[in-house]
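1. Using only what follows, build the 3D model:
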Amino acid sequence: MNASLLHRRTLLNRFGLGLGGLALNEMLARESGAAPVAVDRGVLGGTHHFAKAKRIIYLFMSGGPSHLDLFDYKPLLNKRHGEQLPDSVRGAQRLTGMSGNQSSIPMVGSPFKFTQHGQAGATFSELLPHTASIANDICVVRSMFTESINHGPGVTFFQTGSQIAGRPSMGSWLSYGLGAENANLPSFVVLITKGKGGQPLGAHLWGSGFLPTKHQGVLFRAAKDPVLYLGNPDGVDEASRRLMLDRLKELHEHQFAGTPDAEIQNRIDHYEMAYRMQSSIPEATDLSDEPAHVLDSYGPDVRTPGTFAANCLQARRMAERGVRFIQLYHQDWDHHGGLPGALPKLCKETDQASSALVKDLKQRGLLDDTLVVWGGEFGRTNYCQGKISANFGRDHHPRCFSAWMAGGGIKAGSVYGETDEFGYNVAANGLHIHDFHATLMHLLGIDHERLTYKFQGRRYRLTDVHGHVVKGVLA
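-> Residues are numbered from 1 along each chain as shown. Below is the predicted model:
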């Protein structure tokens, strides 16, 4: 019997990068009465180097916020409003089909006022008074750039490191590498502002791709049951659910003994996590215990489930409960027309809550090890799409745009990178998406070149074969 057991253990350890052996060890531990490991520590079992951050809250503004109307003040555009964009500035760069055939591409200045704030003198639009109030806590990056010129590949690139859908998302990579801090909550949570329009968001953006499925993001809804199919049906109590799961686990383990597929163990883990979440999710998502002054700091929308403000507060609660990656999406930033009327509304929905989140984390001592990121998939053009009017719009612009980061080892109160005087090209310290990902992973203690996964004969990573840690944004 012992020889047979050793032979089987050797086989399983050699199969599936050792996942079979891990599953067998867990089954043997249960049979011997030993307590199983409570928390998944990830494939790395730690970090490659000292980590400044333990988790990320990513505030993604889907649609492409206009950097020229929010963070990157260009008085030259106001001075030369209505003039044609010089060919020497545009060069041979491609335009989208929405403005590429225009006979005229007139430059337009921002209709909004800008003022300087913080020790670095960063400029902020009048639309972002609350963000301006945390100027000394954030690093404004003015020199982001990408190759993506349309929304689908643009958003996918930021979330997965590839313009083509199907790769694991950033949150999945972090869950795979670092595991979880809380065994009763998912390591990767997704929150989407309710009732927004604009470009659709697909599940591939928080999918696990070729990584084990237990690392995919869990979507929380603004509903009585935040997670679909989590609650027990009518007539099924907790004891019945536990009995059913125990019997189902036995069947899965029997299947695993004959077919040692790691995905069977993932299925067991999914069911067990769902069972634990039946008690942890209601507590984590219940805002009724939040003091009135905290609710007020996030703005009046916080009391309405599914708003960006409510999701920001949910993100803080998830962060303090050990969720590794919290992804917020806020749509409708795609202003091809009507920008002067639409942009203030979007900023009103997001500005106060974004700032309150940073302040709330800081007050609770969580900002030091929580990395907060704000940004979209690209910026907007310095010229008008169509003819200039009082309610003009701007086209997509991947050549340069802005984002900001706070906490978790980021150089607070700083500005990184520059664009030219036209706000059209990067002038200094460009920061590509692969560099962005490499830097975020570095802050979480991961060498982006060493966290890989072998799939179809090739080892993949979030940054593919690119990326450098940008030390200029680090504290």
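
2. Hmm, Val190 is touching Leu219, no?
-> Yes - here Val190 reaches Leu219: they are 4.7 Å apart, a contact under Cβ atoms under 8 Å. In short, each C-beta sits where N, CA and C put it, glycine included.

3. For the stretch 201-350 of the chain, just list every one of the strands.
-> 218-220, 325-330 (DSSP state E, counting those that start in this stretch).

4. now those as JSON lines including mean neighbour count, mean pLDDT and distance to Leu228?
-> Shown next, in JSON lines, are these (neighbours: other Cβ atoms under 10 Å; pLDDT from 0 to 100; distance: least, Cβ to Cβ, whole Å):
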{"stretch": "strand 218-220", "mean neighbour count": "20", "mean pLDDT": "95", "distance to Leu228": "8"}
{"stretch": "strand 325-330", "mean neighbour count": "26", "mean pLDDT": "98", "distance to Leu228": "17"}
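
5. how about these in CSV, adding distance to Ser288?
-> Below are the strands of the stretch 201-350 of the chain laid out as CSV (distance: least, Cβ to Cβ, whole Å):
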stretch, distance to Ser288
strand 218-220, 17
strand 325-330, 20
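
6. Which among those strands is found nearest to Pro86?
-> Judged by Cβ to Cβ, the one of the strands of the stretch 201-350 of the chain that comes nearest to Pro86 is strand 325-330, at 34.6 Å.

7. Which neighbours do Val190 and Leu219 have in common?
-> Residues touching both Val190 and Leu219 (Cβ atoms under 8 Å, 6 or more residues apart in numbering): Trp206.

8. List of residues touching stretch 73-87?
-> By Cβ under 8 Å, 6+ apart, stretch 73-87 touches 68, 104-110, 114, 123, 125, 382-383, 388, 419, 421-424.

9. Need the per-residue pLDDT for Leu174.
-> Note on Leu174: pLDDT of 98.

10. got it, and Ile264?
-> Looking at Ile264, the pLDDT reads 85.

11. can you pull the contacts of the closest residue to Lys54 other than its chain neighbours?
-> Among residues not flanking Lys54 along the chain, Asp369 sits closest, at 4.5 Å (Cβ to Cβ, 6 or more residues apart in numbering). Shown in contact with Asp369 (Cβ under 8 Å, 6+ apart): Ala51, Lys52, Ala53, Lys54, Arg55, Gly407, Gly408.

12. Let me know the pLDDT of the fifth one.
-> As predicted, Arg55 sits at a pLDDT of 98.

13. For beta bridges, what are the partners of it?
-> Thr370 (DSSP bridges).

14. what's the neighbour count on it?
-> The number of residues packed near Arg55 is 25, by other Cβ atoms under 10 Å.

15. show me what contacts it?
-> Glu181, Ala319, Gly322, Val323, Arg324, Phe325, Ile326, Asp369, Thr370, Leu371.

16. For the fifth one, which non-adjacent residue is closest in space?
-> Of all residues not flanking Arg324 in the chain, Ser187 sits nearest, at 4.1 Å (Cβ to Cβ, 6+ apart).

17. Was I right to think the one you found contacts Arg321?
-> No - contact criterion Cβ under 8 Å: Ser187 and Arg321 do not qualify, at 11.2 Å.

18. Between these two, tell me which one has more neighbours.
-> Using other Cβ under 10 Å as the criterion, Ser187 and Arg321 rank with Ser187 on top: 28 against 15.

19. Now do the phi/psi pair for the more buried one.
-> phi -80, psi -10 (degrees, to the nearest 10).

20. Also Val141?
-> Main-chain torsions, Val141, degrees, to the nearest 10: phi -100, psi 120.

21. wait, it sits on Ser402?
-> Yes - under the criterion of Cβ under 8 Å, Val141 makes contact with Ser402 at 6.4 Å.

22. before we move on, the earlier item: tell me the buried residues within the contacts of stretch 73-87.
-> Buried members of the contacts of stretch 73-87, scored by 16 or more other Cβ atoms under 10 Å, are 68, 105-110, 114, 123, 125, 382-383, 419, 422-424.

23. Identify the farthest-apart pair in the residues you listed.
-> Farthest pair in the buried ones among the contacts of stretch 73-87, by Cβ to Cβ: Ile105 and Thr123, 24.8 Å.

24. which ones are touching the residue nearest to Arg324?
-> Asp40, Gly171, Leu174, Ser175, Leu178, Gly179, Ala180, Glu181, His215, Val323, Arg324, Phe325.

25. okay, who's weakest in the residues you listed by pLDDT?
-> Lowest pLDDT among the contacts of Ser187: Asp40, 83.

26. Counting neighbours, what do you get for the residue nearest to that one when sequence neighbours are not counted?
-> Once flanking residues are discounted, Asp40 sits nearest to Gly179: 4.0 Å by Cβ to Cβ, 6+ apart. Residues within reach of Gly179, counting by other Cβ under 10 Å, total 20.

27. what's Gly179 sitting at in phi/psi?
-> Dihedral angles (degrees, to the nearest 10) for Gly179: phi 70, psi -150.

28. Distance check, it against Phe392.
-> Separation of Gly179 from Phe392 (Cβ to Cβ, to the nearest Å): 49 Å.

29. circling back to that earlier point, closest one to Val473 among the strands of the stretch 201-350 of the chain?
-> That would be strand 325-330 among the strands of the stretch 201-350 of the chain, by Cβ to Cβ, at 19.2 Å.

30. Now that closest one - C-alpha only, CSV.
-> Provided in CSV are the C-alpha atoms of strand 325-330 (Å, rounded to 0.1, in the frame of the first residue of the first chain):
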residue,chain,number,x,y,z
PHE,A,325,-7.2,43.6,-6.5
ILE,A,326,-10.3,45.8,-6.6
GLN,A,327,-11.3,46.9,-10.0
LEU,A,328,-13.8,49.8,-10.5
TYR,A,329,-15.1,50.7,-13.9
HIS,A,330,-16.9,54.0,-14.7
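
31. now for that strand, which elements pack on it?
-> Using 3 or more Cβ pairs under 8 Å, 6 or more residues apart in numbering; DSSP states H and E as the contact test, the elements touching strand 325-330 are strand 55-61, helix 170-178, strand 188-192, helix 308-320, helix 339-363.

32. For it, give me every contacting residue.
-> Against strand 325-330 from outside (Cβ under 8 Å, 6+ apart): 55-62, 159, 170-171, 174-175, 187-193, 196, 201, 206, 217, 308, 311-312, 315, 318-319, 346, 349-350.
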